[in-house]
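**Q** coordinates only, no sequence provided:
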C-alpha cells in the first residue's frame, strides 16, 4: 500500500525521485477505493497447479483483488477436468466486453513451435490486441512473455543449444524502478525453457527497458516504459518441487534431461531443494499490483 504524506512535506520530492509508493493527503481525501480486477489467462496443462501458484502470490498483499480465470476456446485441455473448467473458467467471447486492471498470461508447453502454428494463436493474438484497450497492465510469463513480446514488438525467439533448467542468479539493472523496489542486487529465479528471446532486439527497442538479467540464463524481466506490458521470462511463481517433478517425470519417460542447475543440494536428486526464490517472487507480484493500484483509472471505462 502507498504511504500517505502531507503534500508540503520536504521529503516528498526525494521519495518521488526514488519511486517510493506515496500518496499525498489531499489526494487521499478524495480517493475512491475499489477492488482490483485481475484476469488470469491460464495456458498451462496443469491448470489447478498454476492457479494455486499464482493465487498464493496475488493474495499476499493488503489489496483486495478480484480474480477471474480465462481459458482458450480453440484448445481442449487434456490435463484438467472439464467440470473444473466449466465451473471456474470463462472464454474470451464471454469477457471481451469487460475491462480489467490487470491480465496475467501464463507460460505454455509449445515453445518449440512457431507461434503461428500453435492451435490457439489466432485467439491469443485477439486477446493481446484486446488487452491494449481493455486492460491496464499485462503480466506475461515465460512462453507467454515470448509470445507477447513477439506480438507487440515483433521480437522473435531462438532455440537454445541446451534447455535452460534450474535456479539462476539475476542482477537488477534499475533498482529504483517501481517493479524492482526492495529487490536485492542479486536474486534467484527458476527457469525451464528450450528457447529465449533475441536479447539485443529487446535492449535496442525504444519502448522497452530491461530490469534484470543473468549472465547464465539471460534476460528475466523487461517492461514497457508506461508499465502496461511486463515480460517475465522465468518462473518466479514455481513451488519448491516444480522443477523436481519435471525432472523426475522426464527421467521416468526415458527423455534426456540434465540435472536442474543450482537446485538439488550437492546435485543429489534425493535431497530436498531449498526454497530460495520465494521472497522475491512475492515482492515481484506485490510491486506489480501496487503499480496497477497506483496508476489504473478508478473507472475502467477510462482505459485507452
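**A** Nice, thanks for sending it over. Given the structure is predicted, the values throughout are model-derived calculations rather than measurements. Residues are numbered from 1 along each chain as shown.

**Q** list the buried residues for the longest strand along the chain?
**A** Looking across the chain with DSSP state E, the single longest strand is strand 157-172. Buried positions in strand 157-172, judged by neighbour count with 16 or more other C-beta atoms under 10 Å: 157, 163, 164, 165, 166, 167, 168, 170, 172. The C-beta positions use only the backbone N, C-alpha and C, and glycine is treated the same way.

**Q** between those residues, which is closest to residue 16?
**A** Using C-beta to C-beta, residue 172 comes nearest to residue 16 of these, at 20.3 Å.

**Q** can you give me the helices for the stretch 1-150 of the chain?
**A** 11-17, 25-28, 47-58, 82-88, 92-95, 121-134, 143-153 (DSSP state H, counting those that start in this stretch).

**Q** stretch 238-248: how far from the chain's middle?
**A** 19 Å (C-alpha atoms, centre = their mean, to the nearest Å).

**Q** show me which positions of that stretch end up buried.
**A** Quick answer for stretch 238-248 (16+ other C-beta under 10 Å): 238, 239, 242, 243, 244, 247.

**Q** excluding chain neighbours, give the residue nearest to residue 271 in space.
**A** Nearest residue to residue 271, sequence neighbours excluded (C-beta to C-beta, 6 or more residues apart in numbering): residue 265, at 4.2 Å.

**Q** gap between the nearest residue to residue 84 once chain neighbours are set aside and residue 230?
**A** Nearest non-adjacent residue to residue 84, counting by C-beta to C-beta, 6+ apart: residue 48, 6.7 Å away. Distance from residue 48 to residue 230, counting by C-beta to C-beta, to the nearest Å: 24 Å.

**Q** who's more crowded, the two?
**A** A count of neighbours by other C-beta atoms under 10 Å puts residue 230 above the other of residue 48 and residue 230, at 24 against 14.

**Q** so where's the longest helix in this structure?
**A** In the chain, ranked by residue count with DSSP state H as the criterion, the top helix is helix 278-295.

**Q** relative to strand 157-172, how tilted is it?
**A** 90 degrees (axes from the mean of the first three to the mean of the last three C-alpha atoms, to 10 degrees).

**Q** count of residues packed around residue 260?
**A** Per other C-beta under 10 Å, the neighbour tally for residue 260 reads 24.

**Q** what residues are up against the residue lying closest to it once chain neighbours are set aside?
**A** Spatial nearest neighbour of residue 260, chain neighbours left out: residue 166 (3.9 Å); criterion: C-beta to C-beta, 6+ apart. By C-beta atoms under 8 Å, 6 or more residues apart in numbering, residue 166 lies in contact with 190, 191, 243, 259, 260, 261, 262, 263.

**Q** which among those residues gets closest to residue 210?
**A** The closest of the contacts of residue 166, once distances to residue 210 are taken by C-beta to C-beta, is residue 191, at 16.0 Å.

**Q** report the beta-bridge partners for the closest one.
**A** residue 166 (DSSP bridges).

**Q** and it, how far from residue 219?
**A** Applying C-beta to C-beta to residue 191 and residue 219 gives a distance of 11 Å.

**Q** before we move on, what about residue 240?
**A** Residue 240 is 24 Å from residue 219, by C-beta to C-beta.

**Q** likewise for residue 40?
**A** Distance of residue 40 to residue 219, given as C-beta to C-beta: 23 Å.
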